[in-house]
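S.K.: Give the three-dimensional model of this entry:
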Amino acid sequence: MTPSQENKTRAVKVQMAKYEAVPTTENYNRKGWIEFGKDNLYPNYLIDLYDSCPVHGALSTSIIEMISGKGLEGDQALIDSLDLNDIISDTAFDLKLQGGYYWEIIWTIDRTEIAEIRQLEFENTRIAFVEDELGNQIYIGVWYSKDWSKISKKCNTPRFIPKLDALKKEDEPTQVYRRFGKTTKSRVYPKPDYDKSLTWIITEKQIGIFHMNNLLNGLMPQFMIHFNNGQPDPEEARAIKKNLESQMGAENAGGFVVTFNDSGKESPKMDLFPISDADKQYQFLSDKATEMVMIGHRVTTPLLFGIRSGGGL
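M.R.: This is a model prediction of the structure:
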């Protein structure tokens, strides 16, 4: 085949997105903390899902309110002096969404009792460790930063808080108490109880993004565009492809493929790829995602959590 025959048609495929699970890797940083997930921001990712997925967010909110209840009961004088009911909802939020929580314990000046308890945001807290003579990682407390994505800024510089130990309160007036849900022997950080349904929670989010982008693109179906007025050079072809992507939102919905050839025709040709029974496919996917998200949260009666399933008044 000669080069001229080989280049009779040049097709430029627009790269579409593909799903890759967000990693939950744990990396031991040389500065003394254990990073969690990609760029050390996995807890922030869970918060984003809570904010952007209607069913998952509604279920989580209801369960958080159930965990909080009407506040703590017991020694009311102690509860009031430590303002424990002010932190219980934030604690329940982290317990449900992240699978655990941290409390900052502040001792009185004479170290005879606890003066204050503060809830440390899970997404801002990372486990601190040291290595013993055998190379084992020993938990010694936490590092706290207001924003782990920008720790180079002075205001976000991580500060160390030692773990709770009443025997060391004289030298360590501020300590941290942690409470995690179920973890495996090979992991340090917990996973939330809905972890197994994360794929469907992401599906729920993407369904909304897909339909929104379809609306923004005029409900345009998938298609292929053929330019029949000659072959541009590679740089010009990339520029045309980029221009089409920027106008049509190919990365999320209404995907398309562009070809260039020497057929002799001057005007572009468009081939549409209609999706058969698209409405039924979308409805099935939406219903299935809702069902699987509820299973992940172990919900058997959706109405108790503000979710309507099926018909009814």
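S.K.: okay, CA-based contacts and neighbour counts for the rest of this
M.R.: Will do.
S.K.: Could you look up the SS state of the residue most central in space within the chain?
M.R.: Among the residues of the chain, Tyr45 comes closest to the average C-alpha position under CA atoms, centre = their mean, at 2.5 Å. With DSSP: H, G, I helix; E, B strand; the rest coil as the basis, Tyr45 sits in helix.
S.K.: Could you pull up the contacting residues of it?
M.R.: Tyr45 sits next to no residue when contact means CA atoms under 8 Å, 6 or more residues apart in numbering.
S.K.: With the one 3 residues further on instead?
M.R.: Taking CA under 8 Å, 6+ apart as the definition of contact, Asp48 has no neighbours.
S.K.: any idea how far the closest residue to Asp51 other than its chain neighbours lies from Val188?
M.R.: Nearest residue to Asp51, sequence neighbours excluded (CA to CA, 6 or more residues apart in numbering): Gly57, at 6.3 Å. Distance of Gly57 to Val188, computed by CA to CA, to the nearest Å: 26 Å.
S.K.: out of those two, which sits in the busier spot?
M.R.: Set Gly57 next to Val188 and count neighbours by other CA atoms under 10 Å: Gly57 wins out with 18 against 14.
S.K.: Show the backbone phi and psi for that one.
M.R.: phi -70, psi -40 (degrees, to the nearest 10).
S.K.: Distance-wise, check it relative to Arg187.
M.R.: From Gly57 to Arg187 the distance is 26 Å (CA to CA).
S.K.: where in the stretch 1-150 of the chain is pLDDT low?
M.R.: Within the stretch 1-150 of the chain, the segments meeting pLDDT under 70 span 1-19.
S.K.: now the strands for it?
M.R.: 9-13, 26-28, 34-36, 100-107, 114-120, 125-131, 137-144 (DSSP state E, counting those that start in this stretch).
S.K.: Spell out which strands sit alongside the fifth one in the sheet and which way each one runs.
M.R.: Spelled out, it's strand 114-120. strand 100-107 (antiparallel) (DSSP bridges).
S.K.: Excluding sequence neighbours, find me the nearest residue to Phe93.
M.R.: Ile64 (5.6 Å).
S.K.: Kindly tell me how buried the one you found is, as a neighbour count.
M.R.: 21.
S.K.: residues contacting it?
M.R.: So Ile64 contacts 89, 92-93, 96 (CA under 8 Å, 6+ apart).
S.K.: can you tell me how far it sits from Leu84?
M.R.: On the measure of CA to CA, Ile64 and Leu84 end up 16 Å apart.
S.K.: What helix or strand is Asp193 located in?
M.R.: Using DSSP states H and E, Asp193 maps to neither a helix nor a strand.
S.K.: Please look at it and Gly296 and confirm they touch.
M.R.: Yes: using CA atoms under 8 Å, Asp193 is in contact with Gly296, at 7.4 Å.
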